[in-house]
Structure formats: C-alpha cells, structure tokens
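>>> whatever this is, show me its structure:
(one chain, ligands or ions: 2)
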Amino acid sequence: MGDTADVIARGRASFLGLALGDALGATTEFMTPGEIKAQFKVHRKIIGGGWLRIKAGHVTDDTEMSLAIARAITANESWKLEAVAQSFVDWMRSKPIDIGSTVRKGIRNFMRTGELEVAANEWDAGNGAAMRMAPVALFALGDDEKFQRCCLEQARLTHNHPLSDAACLCIGRMTQAAMLGADRFELHKMTRELIADHPNFQFNHYDGQASGYVVETLRTVFHYLFTTSSFEECLIGIVNQGGDADTTGAIGGMIAGAFYGPDQLPKKWLKKLNPEVRREVEVQALHLVQLSPWADRETGPVPAR
Ligand code: MN
Ligand code: MN
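Numbering: from 1, shown residues only. Ligands and ions are numbered 1, 2, ... in the order given. Presented below is the predicted three-dimensional model:
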C-alpha cells in the first residue's frame, strides 16, 4: 500500500480530478451523445461554453460546493455540520453560476429553520449530495465510522434519500480505497456490494442514460471507470455521454483521480483549469488529509508535497 506522500498525492489528485471533470463536462451538460458528436466528434478539451456559457477552465456547483465543505472543515480543523451548512449559505449568497433545485431547497430550509437535515423525500435521489463527497472522503480517511457520519450528515443537508445515501457512501469509500492503493478489482468489488443492497445501480448492461438521477450518474461513472485504462480516457467517455456531464465528470474525476494518481492528470487540462480554483483545491486537499485519522496514525510530520 502507498506510502504517506503517495496517499496525500492521490487525495490531491482526487479533488483536482473532480474539478477537471466539472470543467470538462460543463461544455456538454444537458446535451445528448448525438448532439455532442455532431458538434465536437469527440469532446476532449477544456473549452468552456455549454448552456452556462462558462469560461474555459471555470467550474460549477460541483466543485464550488465541494470547496464550501472543505473550507468549513479546515477553518475549524474539525467537523462542524452547522459550519458546513453556513458555508453553503455563503456560497448561495455569492450568486453561483449554477445551483440545483434540491440543493437550493435544502439550503433555504436551513436558513429558515436552522434544521440540519431535510425531511426524507422520494424526489431527493438526485446526484447533488454525491457530487460534493471528495472533502469528506479525504478528511475522514482512516475512520469509517467517522466517514459514515460526516458523509450522511453533509448529504442530508439537502438530499435525504436511501439511494443518495448509498451512492455517497460508496463513492466516498471507493475514493478512500483508491487513495490507499486499491486495485481495480477491489474497487469493482465495492460496486458489487452497493448493487447487492441496491440492484438499481447494476451497470453491466449500461444503457447510456446519464441524467441527474444518482442511479444513472453512478452507472455512467462505473461503466467508464471499468472499461477504460487511463484518467483521460475515463473522463472523455463520461462527458461524451452528455446529460449531467459536469457532475458525472466530477464524480468520475474524483474516483479516477485517486486511482490513477497525480501523474495521470492530463497536463493540458490542468493548465486550462482556473488557477485560483486549482490553487485552492490543492491547498484544501492537503489540509483535509492532514486532519484525517489516517494522518494521525502516520508517524512523523506529514510532508507537504
Ligand atoms: Mn455543475
Ligand atoms: Mn451538473
């Protein structure tokens, strides 16, 4: 299993991978695979545009909400759910380029009532909680009980649905396993465990649907994660599926980033990524891993690499 520096580097690659997938996928969000093919043949460059008319290298709610969680954790050097909720409020007030309706409803619910969990709702099986799992995966590395608590608490600020919960737990644990050096068989086994509990997530006969429904989101991510052999190929496959492409890209980038590690993140994409976002993601990722139970057990100071 990886040494200390390798685990940290993979944590950083996971958060960067999320931002890259978001920036790459924003271009093809809500397009169909046919429309993407007609316009780009294959979409493989970070060029911005899309329905949000975003600048090349800029990111959307997926990365921004992840950073909001990261800031709340690192500012307190501990998990304070109220701080996470407040950080979401601050983000919403910053007039983000995009915000999902379930997310907006959840944040408004907190502002109005101070409640830190929305009521269970059969319509909350969107991917809005799963897309922001990277910070919790990094911060709670090495303590699964803590991970489960933080994971579900952050999720239910806006989404309270068994399929969203299961998706959040699974992709967070896959990210952690990949950081610690898991191979693709181990990651695949984790998807089988999810599918044993929730057969909806079965992706053997992938049907190409990539909507904001968290089941379709994970099927898309898993399909490309296990049928490709590089970070770049995985992400290109995902975002060319269209649909909720920035979010499938973000979640795929989070797992694939940890799995393939920093050297596999395409340089041409990293160069395009908004430098402010890149810098903050790198600083936050390091800080989050330093705060983790895993880092606590490592002997000696955690090197900043
Ligand atoms: Mn987005
Ligand atoms: Mn999206």
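>>> burial of Arg192, as a residue count?
10 (other CB atoms under 10 Å). Quick note: C-beta positions are derived from backbone N, CA and C, even for glycine.
>>> buried residues in whichever strand or helix holds it?
Using DSSP states H and E, the element containing Arg192 is helix 184-197. Along helix 184-197, these residues count as buried under the neighbour rule (16 or more other CB atoms under 10 Å): 187, 190-191, 194-195.
>>> distance between it and the chain's centre?
Here the centre of helix 184-197 is set off from its chain's centre by 18 Å, with CA atoms, centre = their mean, to the nearest Å.
>>> all helices of the stretch 101-250 of the chain, in order?
101-113, 134-139, 144-156, 162-179, 184-197, 214-227, 231-239, 245-260 (DSSP state H, counting those that start in this stretch).
>>> of the ones you listed, which is nearest Ala125?
When the helices of the stretch 101-250 of the chain are compared for distance to Ala125 using CB to CB, the nearest one is helix 162-179, at 4.5 Å.
>>> so for the closest one, what gets flagged as buried?
Buried, per 16+ other CB under 10 Å, within helix 162-179: 163-179.
>>> re the thing from before, what angle sits between the helix holding Arg192 and helix 245-260?
130 degrees (axes from the mean of the first three to the mean of the last three CA atoms, to 10 degrees).
>>> TSV for the helices of the stretch 101-250 of the chain, including mean pLDDT and distance to Gly57?
Listed next are the helices of the stretch 101-250 of the chain as TSV, based on pLDDT from 0 to 100; distance: least, CB to CB, whole Å:
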stretch	mean pLDDT	distance to Gly57
helix 101-113	97	23
helix 134-139	98	19
helix 144-156	98	26
helix 162-179	98	23
helix 184-197	98	29
helix 214-227	98	22
helix 231-239	98	15
helix 245-260	98	13
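>>> ligand 1 is nearest to which of those helices?
helix 245-260 (4.1 Å; CB to the ion).
>>> could you dump the closest one to PDB, C-alpha only?
Extracted in PDB, the C-alpha atoms of helix 245-260 (Å, rounded to 0.1, in the frame of the first residue of the first chain):
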ATOM      1  CA  ALA A 245     -22.000  15.700 -17.800                       C
ATOM      2  CA  ASP A 246     -20.300  18.100 -15.400                       C
ATOM      3  CA  THR A 247     -21.500  16.100 -12.400                       C
ATOM      4  CA  THR A 248     -20.800  12.600 -13.900                       C
ATOM      5  CA  GLY A 249     -17.400  14.100 -14.800                       C
ATOM      6  CA  ALA A 250     -16.800  15.400 -11.300                       C
ATOM      7  CA  ILE A 251     -17.600  12.100  -9.600                       C
ATOM      8  CA  GLY A 252     -15.700  10.100 -12.200                       C
ATOM      9  CA  GLY A 253     -12.700  12.500 -11.800                       C
ATOM     10  CA  MET A 254     -12.800  12.200  -8.000                       C
ATOM     11  CA  ILE A 255     -12.500   8.400  -8.100                       C
ATOM     12  CA  ALA A 256     -10.300   8.100 -11.100                       C
ATOM     13  CA  GLY A 257      -8.000  10.900  -9.800                       C
ATOM     14  CA  ALA A 258      -7.400   9.000  -6.600                       C
ATOM     15  CA  PHE A 259      -7.000   5.700  -8.600                       C
ATOM     16  CA  TYR A 260      -4.600   6.800 -11.300                       C
END
